[in-house]
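Asker: What shape does this take:
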Amino acid sequence: MKKTAFYLALSLILTGLVFLVLAVQSWNKEQIRQTKYERTLGRVVQIKPLPEDKSYPVIGFYALDSQKVMVHAKHEVSRFSSYELGEVVEIYYDIINPDDTHIVRYEWFWMSFLSITGVAFIGGGIIWVLMIWLRANRRNWLLKNGSVLEGVIQAVVQDPQIILQDKAAFVILCEWKKDKYSGTLLFKSEPLATDPTEFLEEKETLPIYIDLQNPENYWIDISFLNEKMEE
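Answerer: Next up is the predicted model:
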């Protein structure tokens, strides 16, 4: 389970890196476009209908040599035209080949989307790895410095607040009581993706490592379950 969580966190980071690479490629493409193409304003002089309720605009503009250019922007085909006759639009066109004209729309949208998504995936993966590391560090500290209690297994229940593999995670509830005159302490194991009930049939107790100075800091040793579930 720990390996699975680590690999999932790593996959998030790698996915984020892919998005960032795509964002860089999008940025480079935009830089090349700004170098190759000239920007100016044009006007929609006609809307050309096509079958299936589609259409494309005809754009008129003046090139650098003051020559008026009329371009059939067939690459701007849409089912429901977002352009109106007479509308002024910003365009970029190839100086050598003015027919290669494009309307400026969502200029930095994809780069921004890919960048934000990449950062989100990488951030989520790093936080997940950090949580795994902190949990392992806490467990190691308890194994070395904590006191050991024998918790009596009470039940296996699902915790709806923790979702693993698209369903509520399973947790083992244990309780410990010093003597008949003292109160009962209840402990909850780390979440599990699968029901461990069948692996607990021959067990009545589980070792609980606890910091007696801070009873909220404890760890139930269910490492044997992780090994069996991975078999």
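Asker: Could you use CA atoms for every contact and neighbour count after this?
Answerer: Will do.
Asker: Which helix or strand contains the spatially most central residue of the chain?
Answerer: Computing the C-alpha centroid of the chain and ranking residues by CA atoms, centre = their mean puts residue 121 first, at 4.2 Å. Assigned by DSSP states H and E, residue 121 belongs to helix 109-145.
Asker: What residues sit buried inside the next helix or strand along the chain from that helix?
Answerer: Remark: after helix 109-145, the chain's next helix or strand is strand 147-164, criterion DSSP H and E. By neighbour count with 16 or more other CA atoms under 10 Å, strand 147-164 contains the buried residues 148-153, 156-158.
Asker: so which of those would you say is closest to residue 11?
Answerer: Minimum distance to residue 11 across these is 26.6 Å, recorded for residue 158 (CA to CA).
Asker: what pairs with the closest residue to the closest one other than its chain neighbours across the strands?
Answerer: Excluding the flanking residues, the one nearest residue 158 by CA to CA, 6 or more residues apart in numbering is residue 170, at 4.4 Å. For residue 170, the beta-bridge partners under DSSP bridges are residue 158, residue 192.
Asker: still on that earlier bit, what's the distance between the residue nearest to the centre of the chain and residue 22?
Answerer: 14 Å (CA to CA, to the nearest Å).
Asker: Contact partners for residue 13?
Answerer: Residues counted as contacts of residue 13 (CA atoms under 8 Å, 6 or more residues apart in numbering) are 121-126.
Asker: what about it, is that helix, strand or coil?
Answerer: Following DSSP: H, G, I helix; E, B strand; the rest coil, residue 13 is assigned to helix.
Asker: now stretch 211-226, how far from the centre of its chain.
Answerer: Mean-position distance between stretch 211-226 and its chain equals 30 Å (CA atoms, centre = their mean, to the nearest Å).
Asker: Dump it to PDB, keeping only the CA atoms.
Answerer: This file holds the C-alpha atoms of stretch 211-226, laid out as PDB (Å, rounded to 0.1, in the frame of the first residue of the first chain):
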ATOM      1  CA  ASP A 211       3.900   8.500  22.800                       C
ATOM      2  CA  LEU A 212       2.700   8.500  26.400                       C
ATOM      3  CA  GLN A 213       3.400  12.300  26.600                       C
ATOM      4  CA  ASN A 214       1.200  12.800  23.600                       C
ATOM      5  CA  PRO A 215      -1.400   9.900  23.400                       C
ATOM      6  CA  GLU A 216      -2.700  11.300  20.100                       C
ATOM      7  CA  ASN A 217       0.600  10.400  18.500                       C
ATOM      8  CA  TYR A 218       0.400   6.600  18.000                       C
ATOM      9  CA  TRP A 219       0.700   4.000  15.300                       C
ATOM     10  CA  ILE A 220      -0.900   0.600  15.000                       C
ATOM     11  CA  ASP A 221       1.500  -2.000  13.500                       C
ATOM     12  CA  ILE A 222      -0.400  -3.500  10.600                       C
ATOM     13  CA  SER A 223       2.700  -4.000   8.400                       C
ATOM     14  CA  PHE A 224       1.900  -7.700   8.200                       C
ATOM     15  CA  LEU A 225      -1.300  -6.800   6.500                       C
ATOM     16  CA  ASN A 226       0.400  -4.700   3.900                       C
END
